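> Would you be able to build a 3D model of this:
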Amino acid sequence: MKTFFLTLILLVSTEVFAKLNIAVSYPYIGAITKVIGAENVNVSVLAKGNWDPHFVVARPSLISKLRRSDALIINGAHLEIGWIPPLIRRANNRNILPGSKGFLDLSSSINMLQKPTSVSRAGGDVHPDGNPHFHLDPNNILLLARRVASFLSTLDPSNRSNFENNFQDFKLHWKKEMKKWAKTMASANNKKVIEYHRNFDYFLHAYHIEGIATIEPLPGIPPSSRHTIELINTIKTQHPCCIIHDVYHSTKTATYLHNKTGIKVVIMPHDIGALESIESLSELFDYLTGQFND
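Residues are numbered from 1 along each chain as shown. Sure, this is the predicted structure:
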């Protein structure tokens, strides 16, 4: 009888103190989830920050992570469309199926930019729900953190107060950071830039910077000689301050444009880990805003 009660106590204790195993698609989601979930969650990040977020190889190790997960949080807006669905199918875990209690698509929390009125291959690799890189507006980080807190509370109601308190603490911290970044970016208002791909449009929108062109002639389409010549003319007539360039595309065309026009090329990390020095969300936005502080 004594052994029975000890076993029962052990089982109850394990249930009470068990952590949620949360898989997330990208590092920035992992950072938010760790802050909100704290000691009540284990977080597994599927993609690395220096990878192209559109193209992630569905490796067996990622399948294993999903197979052991209680929940899955994704960016959504079709950003993971090429790699998350195959992983979910192969993981064979009903906890993380779209539409289940353990599946969260963060894009539903966001008012998306650049939602197309029609979609066809003639327009390049267009996302039908709009631009999916919404986490690069620091205002959206609070919306995402709020959604993650609500999601974790649904999964683990016994820790609802912990998740809510963690969110409130994060909110206070993040608002202080946003004031700092707004001050840093004040001089950047109404500047013009060229991007490689439109993955920084939310950042530009947040700080009133105009993206006047992209090195890609269409989303997902490599630059042609004709388009590059057009960009040289655009640079000479509109005088953008710089080319902002992600870490995962070749900088060959950007370097050529620099050599022809003198325009500055700025490497911009899109996520935690995109550069070795970027280890947190605050460091990500410190770096991004610091590139315009001149």
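> Tell me how far Thr251 lies from Lys180.
Using Cβ to Cβ, to the nearest Å, one gets 29 Å for the distance from Thr251 to Lys180. Using the backbone N, CA and C atoms, a C-beta is placed for each residue, glycine as well.
> brain fart, Ser282
Using Cβ to Cβ, one obtains 9 Å as the distance from Ser282 to Lys180.
> These two: who's more crowded?
Higher neighbour count among Ser282 and Lys180: Ser282, with 18 against 14, using other Cβ atoms under 10 Å.
> and the helix or strand the more buried one falls within, what other elements does it pack with?
Using DSSP states H and E, Ser282 sits in helix 281-290. Judged by 3 or more Cβ pairs under 8 Å, 6 or more residues apart in numbering; DSSP states H and E, helix 281-290 is in contact with helix 27-37, helix 160-185.
> and Thr228, what does it touch?
Shown in contact with Thr228 (Cβ atoms under 8 Å, 6 or more residues apart in numbering): Ile215, Thr253, Tyr256, Leu257.
> ok, which pair from those residues is furthest apart?
Ile215 and Tyr256 (9.8 Å; Cβ to Cβ).
> quick one, which of these two is more surrounded?
More neighbours surround Ile215 than the other of Ile215 and Tyr256, with 23 against 15 (other Cβ under 10 Å).
> Could I get the contacting residues of the more buried one?
By Cβ under 8 Å, 6+ apart, the contact set of Ile215 is 194-197, 223, 227-228, 231, 243, 245, 253-254, 257.
> Serialize these to TSV and add fields for secondary structure.
Formatted as TSV, these follow (DSSP: H, G, I helix; E, B strand; the rest coil):
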residue	secondary structure
Ile194	strand
Glu195	strand
Tyr196	coil
His197	coil
Pro223	coil
His227	helix
Thr228	helix
Leu231	helix
Ile243	strand
His245	strand
Thr253	helix
Ala254	helix
Leu257	helix
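> need these in a markdown table with pLDDT and distance to Arg89, can you?
Conversion of the contacts of Ile215 to a markdown table gives the following (pLDDT from 0 to 100; distance: Cβ to Cβ, whole Å):
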| residue | pLDDT | distance to Arg89 |
| --- | --- | --- |
| Ile194 | 98 | 39 |
| Glu195 | 98 | 34 |
| Tyr196 | 97 | 32 |
| His197 | 95 | 28 |
| Pro223 | 96 | 35 |
| His227 | 98 | 38 |
| Thr228 | 98 | 41 |
| Leu231 | 98 | 41 |
| Ile243 | 98 | 39 |
| His245 | 98 | 35 |
| Thr253 | 98 | 37 |
| Ala254 | 98 | 38 |
| Leu257 | 98 | 42 |
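> Test my guess that Ile74 contacts Val24.
Yes: the criterion here is Cβ atoms under 8 Å, and Ile74 meets it with Val24 at 7.4 Å.
> Looking at the two, which is more packed in?
Ranked by neighbour count (other Cβ under 10 Å), Ile74 and Val24 place Val24 first, with 27 against 23.
> Bridged to the more buried one, which residues?
Residues in a beta bridge with Val24, per DSSP bridges, are Val45, Ile73.
> and it, what is it in contact with?
Gly30, Thr33, Val43, Ser44, Val45, Leu46, Leu72, Ile73, Ile74 are the contacts of Val24 under Cβ under 8 Å, 6+ apart.
> can you pull the pLDDT of it?
On the pLDDT scale, Val24 is placed at 98.
> got it, and Val16?
The predicted structure scores Val16 at 48 on the pLDDT scale.
> can you check the one 3 residues further on too?
Note on Lys19: pLDDT of 95.
> quick check: domain ranges of the chain?
15-179, 184-290 (automatic domain parsing).
> Could you list the low-pLDDT ranges of this structure?
1-17, 118-126, 294 (pLDDT under 70).
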